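> Sequence plus the predicted model coming up.
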Amino acid sequence: MRKLLARELRLSLRHGTDSLAAILFFLVAGALFPLAIGPAPETLARIAPGIIWVCALLAALLPLDRLFGADAEDGSLDHLLLSGLPPAAIALGKAAAHWLTTGLPLLLAAIPLAVMLRLPEEAFPALLLGLIPGTAFLSLIGTAGAALVLGARRGGVLLPLLILPMAVPALIFGVAAADAAAVGLAARPHLLLLSALCAAALPLCPLAAGAALRSSAE
Amino acid sequence: MPDGLVADSLAAIRGERLVFAGLSFALPPGGALLLEGPNGSGKSTLLRVLAGLGRAEAGTLRWNGEDALSDRTTHATRVAYLGHQDAVKPGLTAAENLAFWGTTAQIEAALTRVNLAPLADLPARMLSAGQKRRLALARLALASAPIWLLDEPTLGLDTTSVAALGDMLAAHRAQGGVVLAATHLPLPLPGAETLRLAA
């Protein structure tokens, strides 16, 4: 399992463009909003958490297509399934790698974007604390989705349709946490619900993804 | 109790087409079986079923008397599989490609066996097709699995490498391992039985 993670991280370092593309997409997409809506600071500050969360959601989707796709194409997936690790452990390793190479960088890139959008200072901790379980949740359901569409033609189109509706709860609680903090309310309940979502996805998504990987190999 | 790998009336379906049915064989430890037959006769499908990757629609597979396919994760540890594809990542070096499957010392030994040791630190995208195949063979040597399933193992190999493969196969069988290979070309597998699959 640790070796799988090391392998995935090494691969994504060598093909760094995937992670970099996700981060740049995140920043560029976020920068479009002030241009489209107008630079009024109070408007931007009001919608900043929403912009950041939606952009993070979309950016996290970008590398998912290749998460299992590359391994399925060159036959590596067969070897991973034959490595003696249960398929769910392979999926969990992949999800962890996705979070480390996409979720974590997005979390860091959210800081400059939030500053740019004039997010109120009080909302920063809530936004970032929310993005930790939020991006982890996205990595987990994203992995399950990527495993499910494996082998489907046009899987890349199917993937967002499958994952985005499932990501809605994370979006709602994540934005609610930052909004609550911005107006001086407690962000804690929202953050706890977000963490609960992540905790539920942690065992369920790898199991689903593992079963999907098995059936895709058949 | 029968030892080794015993298949009893296996059947597989691929894309709603029955590829083979009623397929049986018995391989004692040290045995080898060559799968022959025209393209599309189900050689690769059979190898995937035996590896636990594909699904057997009917029949049983036993390894040393116990049902092999009921727990596919355990079965995976008994199997080393060499598919059509080399599963080599072009961005990693030859040694890094194997890092998941063994320790540094084991990888060095495996690369030496397939005469790739001097190229260990070269990115795999610089390797030729035959060298990638040898890298895939090195992974086979790393897996200390008793059942070797080879799909066209000599594809793209030069005569020296085929001889090296022959040595690997002989050493593996001497340790009581079994080899199943699908091939159209003669393989260095002395005393192997042949199973013909009809189209």
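All right, it came through fine. Numbering: from 1, shown residues only, chains lettered A, B, ... in the order given.
> Which strand or helix spans residue B:30?
Assigned by DSSP states H and E, residue B:30 belongs to neither a helix nor a strand.
> What separation do you get for it and residue B:78?
From residue B:30 over to residue B:78 the distance is 15 Å, taken as C-beta to C-beta, to the nearest Å. From N, CA and C alone the C-beta is placed, and that goes for glycine too.
> Near chain A, which residues of chain B? Just list them.
Contact residues (C-beta under 8 Å from any C-beta of the partner chain) of chain B with chain A: B:48, B:51-55, B:72-73, B:76-77, B:79-81, B:83-89, B:91-92, B:96, B:99-101, B:139.
> List buried members of the residues you listed by neighbour count.
B:48, B:51-55, B:72-73, B:76, B:79-81, B:83, B:85-89, B:91-92, B:96, B:99-101, B:139 (16 or more other C-beta atoms under 10 Å in any protein chain shown).
> Quick check: phi and psi at the residue in chain A that chain B sits nearest to.
Residue nearest to chain B within chain A: residue A:75 (3.1 Å; C-beta to the nearest C-beta). Main-chain torsions, residue A:75, degrees, to the nearest 10: phi 90, psi 0.
> mind checking which helix or strand residue B:149 is in?
With DSSP H and E as criterion, residue B:149 is part of strand B:147-151.
> In terms of secondary structure, what does the following helix or strand past that strand contact?
Using DSSP H and E, the helix or strand that follows strand B:147-151 in sequence is helix B:159-174. Where contact means 3 or more C-beta pairs under 8 Å, 6 or more residues apart in numbering or on different chains; DSSP states H and E, helix B:159-174 is packed against helix B:104-113, helix B:129-142, strand B:178-182.
> Out of those, the one nearest residue B:164 is which?
Closest of the helices and strands packed on helix B:159-174 to residue B:164 is helix B:104-113, at 6.6 Å (criterion: C-beta to C-beta).
> now the angle from the closest one to helix B:159-174?
Helix B:104-113 and helix B:159-174 are oriented at 130 degrees to each other (axes from the mean of the first three to the mean of the last three C-alpha atoms, to 10 degrees).
> Which residue does chain B have closest to chain A?
residue B:85 (3.1 Å).
> That residue: what secondary structure?
coil (DSSP: H, G, I helix; E, B strand; the rest coil).
> Who are the contact partners of the closest residue to it other than its chain neighbours?
Distances taken as C-beta to C-beta, 6 or more residues apart in numbering or on different chains place residue A:75 nearest to residue B:85, at 3.1 Å, with adjacent residues excluded. Applying C-beta atoms under 8 Å, 6 or more residues apart in numbering or on different chains, we find residue A:75 in contact with B:83, B:84, B:85, B:86, B:87.
> what about residue B:24, neighbour count?
12 (other C-beta atoms under 10 Å in any protein chain shown).
> Indicate each strand paired with the helix or strand encompassing it and its parallel or antiparallel sense.
Element membership of residue B:24, judged by DSSP H and E, is strand B:17-27. Strand B:17-27 has the following strand partners under DSSP bridges: strand B:5-14 (antiparallel).
> What residues sit buried inside the partner strand?
Within strand B:5-14, judged by 16+ other C-beta under 10 Å, the buried ones are B:5, B:6, B:7, B:10, B:11, B:12, B:13, B:14.
> quick one: the residue of chain A most remote from its centre from residue A:46, how far?
For chain A, the largest distance from the centre (C-alpha atoms, centre = their mean) belongs to residue A:40, which lies 29.4 Å off. Plainly put, residue A:40 is 9 Å away from residue A:46 if you go by C-beta to C-beta.
> same deal with residue B:94?
Distance, residue B:94 to residue A:46, by C-beta to C-beta: 55 Å.
> Residue A:134 - how many residues pack around it?
Residue A:134, neighbours per other C-beta under 10 Å, totals 31.
> pretty sure residue B:32 is in contact with residue B:195, am I right?
No - between residue B:32 and residue B:195 there is no contact under C-beta atoms under 8 Å: 10.9 Å.
> And those two? Which one has more around it.
For the pair residue B:32 and residue B:195, the greater number of neighbours falls to residue B:32 (22 against 19), based on other C-beta under 10 Å.
> Bridged to the more buried one, which residues?
The partner residues for residue B:32, given DSSP bridges, come to residue B:179.
> where in chain A is pLDDT low?
Flagging of chain A using pLDDT under 70 yields an empty set of residue ranges.
> What segments of it are helices?
Per DSSP state H, chain A carries helices over the ranges A:2-14, A:17-37, A:41-61, A:64-73, A:76-81, A:87-98, A:104-116, A:124-148, A:155-182, A:188-217.
> hmm, back to that, neighbour count: residue B:30 and residue B:78, which is higher?
Using other C-beta under 10 Å, the more surrounded residue of residue B:30 and residue B:78 is residue B:78, with 21 against 15.
> List the residues that contact that one.
Residue B:78 neighbours (C-beta under 8 Å, 6+ apart): B:63, B:68, B:145, B:146, B:147.
> shouldn't residue A:68 be in contact with residue A:94?
Yes - in this structure, residue A:68 is within contact of residue A:94 by C-beta under 8 Å, at 7.0 Å.
> still on that earlier bit, I would like the residues contacting the strand holding residue B:24, please.
B:2, B:4-13, B:33, B:41-42, B:45-46, B:58-59, B:178, B:180, B:193, B:195, B:197.
> And for stretch B:166-181?
With C-beta under 8 Å, 6+ apart as the contact definition, stretch B:166-181 has outside contacts at B:4-5, B:27-35, B:47, B:50, B:113-114, B:137, B:140-141, B:145-151, B:153, B:187-190, B:192.
> what's the most buried one of the helices of chain A?
helix A:124-148 (a mean of 25; mean count of other C-beta atoms under 10 Å in any protein chain shown).
> circling back: please indicate which of the contacts of stretch B:166-181 are buried?
When the contacts of stretch B:166-181 are checked for burial by 16+ other C-beta under 10 Å, the buried set is B:4-5, B:27, B:31-35, B:47, B:50, B:113-114, B:137, B:140-141, B:145-151, B:153, B:187-189, B:192.
> if we can go back for a sec, please identify which of the buried residues of strand B:5-14 is nearest to residue A:161.
Nearest to residue A:161, judged by C-beta to C-beta, of the buried residues of strand B:5-14 is residue B:14 at 28.5 Å.
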